[in-house]
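A.B. asks: just a sequence and a predicted model for now, questions to come.
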Amino acid sequence: MVEYETHYARADAGRARELAATTSPYTIKVQFLGGLNSTQKAAFTKAADRWAKVIVGDLPDVSVDGEVIDDLLILAQGTSIDGPGNILGEAGPTVLRPANGPGAFLPAKGTMSFDTDDLEEMAANGTLVDVITHEMGHVCGIGTRPWTEKNLLQGAGGDNPVFRGTSAMEEYGKLVGAGQPRPVPVENQGGPGTRDGHWRETVFANELMTGFVGGAPNPLSRLTVGSLNDLGYVVDMAAADEYALPNHLELAERGELRTHAAPVGAGTVQRTIPVILPEDSLLASA
């Protein structure tokens, strides 16, 4: 049996007890399958640690192909795809928890496979950590099948898709100063894997989970943390980064107001098509 280098990112035990009443903090296991240098592996490690600060509550263990998973297993690798640009890689959940019970439709397993040429380019231009963190957010369920399975995405494919989760709408209402929850604008431009799966670039600009990851900072906002709560995770809102909606006049004056751009500004990350586990895969309750 091949032994792979592995990183475990665990939520803070104290916050897990306080917020989720559990002694088993949320855990992300990143398994490195090869093709990544130390700098690239460090980016995955940092990204996993970041999400484990946000998601704190334990999920039911599941059995996947004879392997017990608690809570999320991510297979990470670098590989040769098509050279710089074009296809950057593939990222997303591959296995979702059963449709009923605790953790319904939440990812148990996912993949993050990137073109080695693009990894080197991202490291050179300073976007590597934010891109990996962004894509790991998709593995956790943001903008992927859990959105649709939980009926949180409305108007997909139309002019004005929105996210209807209660917590995220509350946070968006605060951002715009509305004093009440408002549906969250979702990306309405771009191809599959971009539109209907990110916060709208023209509204949120540099927020981490828009469809464009630019130069730092790309803050992980309370809006994104709230959306994870809407998916069914127990989250720590205090772990969010500071974020405010952009001043579009200032962006336009600086020449930074753009319509739509694909992730990283060049090339696309392909999405996965996850399967849903049967009920008998559940091994324990959270």
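C.D. replies: Received it, and whenever you're ready, just let me know what you need. Being a predicted model, the structure only gives us computed values, none of them experimental. Residues are numbered from 1 along each chain as shown.
A.B. asks: can you classify the residue nearest the centre of the chain as helix, strand or coil?
C.D. replies: Geometric centre of the chain, nearest residue: residue 137, 1.0 Å, by Cα atoms, centre = their mean. Following DSSP: H, G, I helix; E, B strand; the rest coil, we place residue 137 in the helix state.
A.B. asks: surely it is in contact with residue 209?
C.D. replies: Yes - assessed by Cβ atoms under 8 Å, residue 137 is found in contact with residue 209 at 5.6 Å. The way it works is simple: take the backbone N, C-alpha and C, and place the C-beta from them, glycine included.
A.B. asks: tell me, what's touching those two both at once?
C.D. replies: Common neighbours of residue 137 and residue 209 (criterion: Cβ atoms under 8 Å, 6 or more residues apart in numbering): 143, 220, 224.
A.B. asks: I'd say residue 74 and residue 30 touch.
C.D. replies: Yes - proximity of residue 74 to residue 30 meets the contact threshold set by Cβ under 8 Å, at 4.9 Å.
A.B. asks: and these two? Which one has more around it.
C.D. replies: Taking residue 74 and residue 30 together and counting by other Cβ atoms under 10 Å, residue 74 has the greater number of neighbours (27 against 24).
A.B. asks: name the helices or strands packed onto the helix or strand hosting the more buried one?
C.D. replies: Residue 74 is part of strand 72-79 when elements are defined by DSSP states H and E. When contacts are defined as 3 or more Cβ pairs under 8 Å, 6 or more residues apart in numbering; DSSP states H and E, strand 72-79 packs onto strand 27-34, helix 38-54, strand 107-115, helix 116-125, helix 128-139.
A.B. asks: I'd like to know which elements the last one is packed against.
C.D. replies: When contacts are defined as 3+ Cβ pairs under 8 Å, 6+ apart, helix 128-139 sits against helix 38-54, strand 72-79, strand 87-96, strand 107-115, helix 116-125.
A.B. asks: got the contact list for the last one?
C.D. replies: The contact list for helix 116-125 (Cβ under 8 Å, 6+ apart) reads 35-36, 39-40, 43, 78-81, 83-85, 88-89, 128, 131, 215, 264, 267.
A.B. asks: straight-line length of stretch 156-165, end to end?
C.D. replies: 15 Å (Cα to Cα, to the nearest Å).
A.B. asks: what's the residue lying closest to residue 35 once chain neighbours are set aside in contact with, if anything?
C.D. replies: Take residue 35 and drop its neighbours on the chain: the residue closest to it by Cβ to Cβ, 6 or more residues apart in numbering is residue 78, 3.3 Å away. Contacts were defined as Cβ under 8 Å, 6+ apart; by that measure residue 78 touches 34-37, 40, 113-116, 119.
A.B. asks: on that earlier part again, buried subset of the contacts of helix 116-125 as a ChimeraX selection?
C.D. replies: Of the contacts of helix 116-125, the buried ones can be selected in ChimeraX as follows, counting by 16 or more other Cβ atoms under 10 Å:
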select :35,36,40,43,78,81,85,88,89,128,131,264,267
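A.B. asks: of all the helices and strands packed on strand 72-79, which one is nearest residue 280?
C.D. replies: For the helices and strands packed on strand 72-79, the distance to residue 280 is smallest for strand 107-115, at 14.0 Å, taking Cβ to Cβ.
A.B. asks: quick check: angle from that closest one to strand 87-96?
C.D. replies: Between the axes of strand 107-115 and strand 87-96, defined by axes from the mean of the first three to the mean of the last three Cα atoms, to 10 degrees, the angle is 170 degrees.
A.B. asks: parallel or antiparallel, which strands does strand 107-115 pair with?
C.D. replies: strand 72-79 (parallel), strand 87-96 (antiparallel) (DSSP bridges).
A.B. asks: got phi/psi on the closest residue to residue 182 other than its chain neighbours?
C.D. replies: Using Cβ to Cβ, 6+ apart and skipping the chain neighbours, the partner closest in space to residue 182 is residue 173 (4.8 Å). With angles defined as degrees, to the nearest 10, residue 173 sits at phi -60, psi -40.
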